[in-house]
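J.: okay, predicted coordinates and the sequence, questions at the end:
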Amino acid sequence: MSLPDKQQYHLRRGQIGDPENPHRDIMKKLGSTGSSAPSMESDHSKGLPPEFKGEEESTKSWDSSSVSTYSVSSGRDQCDVCSHTAVKTCLTCMASYCGTHVKDHYTSPDLERHQLQNPQDTSSKSIIRRDIPPPGQIQFTSVQTDSVSLSWSPPEGAPGPHRFRVTWRGGEKQHRMVVAGLGLKVTGLIPGEKYNFAVATLGEDGYQSSCVERSVHTEVPPPENLTVDSSSSEASVRWTKPAGVDQISYLLELFSDQICIGSIHRDYPNYTIPDIQPGRDYTIRVTTVLSNGRQSEPSSQVFKIGIKYMIFMCLSTMDISALTALWMLNVG
């Protein structure tokens, strides 16, 4: 399902039209003096420019129709111009920059006025202005084991274009970014984890609206490669652990005629079911169970042990013109 009005990750700050100078459009909105910042650091408190370690600029195409994407697999904030690790966050631009793209904040007289912080030091609390309308409610358009796609509608009564601050937390980690479109795809998430998302409209002066919030659990992957090998009276069940999950167990359930006739929890991906009746249809279901209690959809397999027939024959009478025989059928 396509998301409306989406932009590439490196366009999400509204830096459109000049990839050589990504700060230009931000400065047009904020003004050359940077006087809209809530507070300013002195040249001394800003510290030395971070060391540049030879990161190359992104060569991704500037496609304004695609969805913004953010990966949290590295556990670090990303640059809002390219996809490299951010080393500084500008509280005036409301953007994060890598070693390459933050250099202008130390050389440009206009940008030197801006307030910089380390990404991990940036406060999650922003100044809210009630006259800035919030975006529409969050909708989750796709929820997978390691990713979530969400969208929202533009704020009512406020002509665009708009920028939005998206904040999400899973466990003890929190991430933030600013997007210029109406949707975001976050990858690198943990299966079965609860994530809380909040979206706010950003004003041109760095203030924001109140947040709209919504929570979702990522999907739990089911067991893989489920097989059943049956013999005369038992069935050997095997499967493989799903990728990307740790500290899991499995719930096995045995069904016959759509009725559960037995269940068991296992820590290992195998089990032998005893006392299977020949000629009867069975269904085995195996479910992944995480340490937090979240469960996957079950993997299932139907099996049946065939009926063996044995015939015993003996001669009763025999003469020249006729043969009489008796036999007995043994089902087992």
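T.: Yep, that arrived. Residues are numbered from 1 along each chain as shown.
J.: C-alpha from now on. contacts and neighbour counts both.
T.: Noted.
J.: so how far is residue 302 from residue 250?
T.: The gap separating residue 250 from residue 302 is 18 Å, by C-alpha to C-alpha, to the nearest Å.
J.: kindly apply the preceding question to residue 271 instead.
T.: Counting by C-alpha to C-alpha, the gap from residue 271 to residue 302 is 16 Å.
J.: repeat that for residue 185.
T.: With C-alpha to C-alpha as the criterion, residue 185 and residue 302 are 37 Å apart.
J.: residue 290 too?
T.: Taken as C-alpha to C-alpha, the span from residue 290 to residue 302 is 25 Å.
J.: any low-confidence regions in the protein?
T.: The model of the chain has pLDDT under 70 over residues 1-77, 83, 91-92, 94, 120-126, 308-332.
J.: which of residue 290 and residue 302 has more neighbours?
T.: Ranked by neighbour count (other C-alpha atoms under 10 Å), residue 290 and residue 302 place residue 290 first, with 20 against 14.
J.: what sits against that one?
T.: Contact analysis of residue 290 by C-alpha atoms under 8 Å, 6 or more residues apart in numbering lists 192, 220, 246, 247, 248, 249.
J.: kindly recompute the last result at 7 Å.
T.: Residue 290 sits next to 247, 248, 249 when contact means C-alpha atoms under 7 Å, 6 or more residues apart in numbering.
J.: from these, which land in strands?
T.: Secondary structure of the contacts of residue 290 is defined by DSSP state E; positions in strands are 248, 249.
J.: show me which of the contacts of residue 290 is closest to residue 118.
T.: Nearest to residue 118 among these: residue 247, at 33.8 Å, using C-alpha to C-alpha.
J.: how many other residues sit next to the closest one?
T.: Around residue 247 there are 9 other residues, counting by other C-alpha under 10 Å.
J.: ok, it touching residue 292?
T.: No: with contact defined as C-alpha atoms under 7 Å, residue 247 does not reach residue 292; the gap is 9.4 Å.
J.: so what's residue 145 up against?
T.: Applying C-alpha under 7 Å, 6+ apart, the residues near residue 145 are 191, 192, 218, 219, 220, 221.
J.: can you tell me the element it falls in?
T.: For residue 145, there is no host helix or strand (DSSP states H and E).
J.: got it, and residue 282?
T.: Assigned by DSSP H and E, residue 282 belongs to strand 281-290.
J.: show me what counts as buried in that strand.
T.: Going by neighbour count (16 or more other C-alpha atoms under 10 Å), the buried part of strand 281-290 is 281, 282, 283, 284, 285, 286, 287, 288, 289, 290.
J.: reformat the contacts of residue 145 as a markdown table; add secondary structure.
T.: Output for the contacts of residue 145, formatted as a markdown table (DSSP: H, G, I helix; E, B strand; the rest coil):
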| residue | secondary structure |
| --- | --- |
| 191 | coil |
| 192 | coil |
| 218 | coil |
| 219 | coil |
| 220 | coil |
| 221 | coil |
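J.: in a strand, residue 165, correct?
T.: Yes: assessed with three-state DSSP, residue 165 lies in a strand.
J.: now it. Nearest residue, chain neighbours left out?
T.: residue 178 (4.4 Å; C-alpha to C-alpha, 6 or more residues apart in numbering).
J.: count the residues that sit near the one you found.
T.: Neighbour tally, residue 178, other C-alpha under 10 Å: 25.
J.: and the helix or strand harbouring it, what's buried?
T.: Applying DSSP H and E as the criterion places residue 178 in strand 173-179. Going by neighbour count (16+ other C-alpha under 10 Å), the buried part of strand 173-179 is 174, 175, 176, 177, 178, 179.
J.: closest one of these to residue 258?
T.: Using C-alpha to C-alpha, residue 174 comes nearest to residue 258 of these, at 44.5 Å.
J.: show me the beta-bridge partners of that closest one.
T.: Residue 174 has the following beta-bridge partners by DSSP bridges: residue 169.
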